[in-house]
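In: okay, predicted coordinates and the sequence, questions at the end:
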Amino acid sequence: MSNISSLQLWFTYCAVCETDLEICLALHAFISQLSNLQTLLIVGASLHAVHFIHEGIRHDLRILPSLKTVRFRYNFPNIQELDAFLCRRREIGLPIEKLVLPSLCDMNSNQLDYTCLENQPGMKVVWEDLNEPREYICGSGSPDVLHFETKRAAVA
């Protein structure tokens, strides 16, 4: 499994996963073997995925040492969990280089504030707004572009 460079994980909420030590240990053992994984695509319950991986890194620095790109599909990650994960990666000298967020069409909230990502200098954030690709390099001084609001069509 050490040759795997890209992986798509479908996470669904599972209360058992939070309390069942055997499941947690099995997931940890699996992820620990992905030493060359460079791209991780998270589909589904992104909050639980980021939390699980962050907790694993807190206790074991061998978790995903080659990871450079994290992509989210359909669900936006919880900003507090994401920020903790990104800060921990930077602390241990393994910063994430590229973060791909879902299309703004997938927002389930009127607004999401990701401006704290400015504290991840050099990381590229990519998203889609009204079918137009957007990107921002964190630390470049315009974090307001990371405050997302839904665009509603004007009613005539």
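Out: Done, it's in. Numbers count the residues shown, from 1 in each chain.
In: could you use CA atoms for every contact and neighbour count after this?
Out: Will do.
In: center of this protein - which residue?
Out: Val70 (5.1 Å; C-alpha atoms, centre = their mean).
In: residues contacting Asn3?
Out: 34-37 (C-alpha atoms under 8 Å, 6 or more residues apart in numbering).
In: what's the helix or strand for Leu27?
Out: Using DSSP states H and E, Leu27 falls within helix 21-32.
In: for that helix, what is the average pLDDT?
Out: Averaging pLDDT along helix 21-32 yields 74.
In: how far off centre is that helix?
Out: 19 Å (C-alpha atoms, centre = their mean, to the nearest Å).
In: one more: stretch 95-112?
Out: Worked out by C-alpha atoms, centre = their mean, stretch 95-112 lies 9 Å from the chain centre.
In: buried sites along that stretch?
Out: 95-104, 107, 112 (16 or more other C-alpha atoms under 10 Å).
In: now these in JSON lines, with distance to Val126 and secondary structure?
Out: Putting those into JSON lines (distance: C-alpha to C-alpha, whole Å; DSSP: H, G, I helix; E, B strand; the rest coil) gives the following:
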{"residue": "Pro95", "distance to Val126": "16", "secondary structure": "coil"}
{"residue": "Ile96", "distance to Val126": "13", "secondary structure": "coil"}
{"residue": "Glu97", "distance to Val126": "11", "secondary structure": "coil"}
{"residue": "Lys98", "distance to Val126": "8", "secondary structure": "strand"}
{"residue": "Leu99", "distance to Val126": "6", "secondary structure": "strand"}
{"residue": "Val100", "distance to Val126": "5", "secondary structure": "strand"}
{"residue": "Leu101", "distance to Val126": "6", "secondary structure": "coil"}
{"residue": "Pro102", "distance to Val126": "9", "secondary structure": "coil"}
{"residue": "Ser103", "distance to Val126": "9", "secondary structure": "coil"}
{"residue": "Leu104", "distance to Val126": "11", "secondary structure": "helix"}
{"residue": "Met107", "distance to Val126": "15", "secondary structure": "coil"}
{"residue": "Leu112", "distance to Val126": "15", "secondary structure": "strand"}
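In: which parts of the helix or strand hosting Glu81 count as buried, going by neighbours?
Out: Taking DSSP H and E as the criterion, Glu81 maps to helix 79-91. By neighbour count on 16+ other C-alpha under 10 Å, the buried set for helix 79-91 is 79, 81-83, 85-89.
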